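[1] no FASTA, just this:
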C-alpha cells in the first residue's frame, strides 16, 4: 500500500485521449486529477499565443500539480506534464525553453503513461498537427528515452484503454 502520494503523468501528442484517461483513472482509483491548464489558458487569450505563454502554461500546470497533490487520495493523475510543453515549444518555435527545461528535470513523476496514437485524431481548434502524429509520437519516445525516464505505453479504445492503463498501474503498485 502507498504511504505517500504517487504522481502519474499522462503524456503524449495531441488527440491521444490524455484528458479522458486522466479523468477515468482518477475515478477508478477514487482520487483527483489535474486537468490540462493549456486549454483554460489558450481558451481565454484574445490573441495568438507566444513562446512565453507556453512557459506560463508549464509553470502553472506544475504549480497546480503541487497544490492538488496534497488533496489526492494516494495517487494524483496529471493530464499532461512539462514534456508536453517542452515538445510543443520545440515544434512551434524551433528552440528549447530554459524555463520548461528546468521544470522538465526538476518535476518528477512516479510513473509516466505515454498515450499511443492509435485513436483517431479529432478536430479541436486548439490542435495543430493532424498530419504529424507519428512524427510527434516518436519525439515523445526519444525525449523520454534521452531523459532516461521509464514509461509505459497505453493503447486501445475507450474501455480497453482504461483497462490497459489500470492494469499497468495495479501491476506497478502491486494492488490486488
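    Arrived safely. These numbers were taken from a predicted model, which means no experiment stands behind them. Residues are numbered from 1 along each chain as shown.
[2] Chain neighbours aside, what residue packs nearest to residue 141?
    In space, and not counting its chain neighbours, residue 141 is closest to residue 114: 7.3 Å by Cβ to Cβ, 6 or more residues apart in numbering. Where C-beta positions appear, they are placed from N, C-alpha and C, glycine not excepted.
[3] which stretches of the protein have low pLDDT?
    1-3, 175-176 (pLDDT under 70).
[4] ok, the residue nearest to residue 141 touching residue 153?
    Yes. The pair residue 114 / residue 153 is scored as a contact, 5.0 Å apart, by Cβ atoms under 8 Å.
[5] Please identify which of those two sits among more neighbours.
    residue 114 (23 against 16; other Cβ atoms under 10 Å).
[6] what comes up buried for the host helix or strand of the more buried one?
    Per DSSP states H and E, residue 114 falls inside strand 111-115. Using 16 or more other Cβ atoms under 10 Å as the test for burial, strand 111-115 gives 111, 112, 113, 114, 115.
[7] Check which helices and strands it sits against.
    strand 6-11, helix 18-28, helix 133-146, strand 152-154, helix 158-173 (3 or more Cβ pairs under 8 Å, 6 or more residues apart in numbering; DSSP states H and E).
[8] Out of these, the one nearest residue 48 is which?
    Taking Cβ to Cβ, helix 133-146 is the member of the helices and strands packed on strand 111-115 nearest to residue 48, at 20.5 Å.
[9] by how many degrees do that closest one and strand 111-115 diverge?
    Note on geometry: by axes from the mean of the first three to the mean of the last three Cα atoms, to 10 degrees, helix 133-146 and strand 111-115 are set 160 degrees apart in direction.
[10] Now helix 133-146: buried residues?
    So helix 133-146, judged by 16+ other Cβ under 10 Å, has buried residues 133, 136, 137, 139, 140, 143, 144.
[11] ok, now stretch 147-156?
    Result for stretch 147-156 [16+ other Cβ under 10 Å]: buried residues 149, 151, 152, 153, 154, 155.
[12] The closest residue to the third one other than its chain neighbours: neighbouring residues, count only.
    Among residues not flanking residue 152 along the chain, residue 168 sits closest, at 4.8 Å (Cβ to Cβ, 6+ apart). Summarising burial for residue 168: neighbours were counted as other Cβ under 10 Å, giving 16.
[13] what's the closest non-adjacent residue to residue 97?
    Closest to residue 97 by Cβ to Cβ, 6+ apart is residue 89, at 4.9 Å.
[14] how far away is that neighbour from residue 95?
    7 Å (Cβ to Cβ, to the nearest Å).
[15] Likewise for residue 144?
    Plainly put, residue 144 is 20 Å away from residue 95 if you go by Cβ to Cβ.
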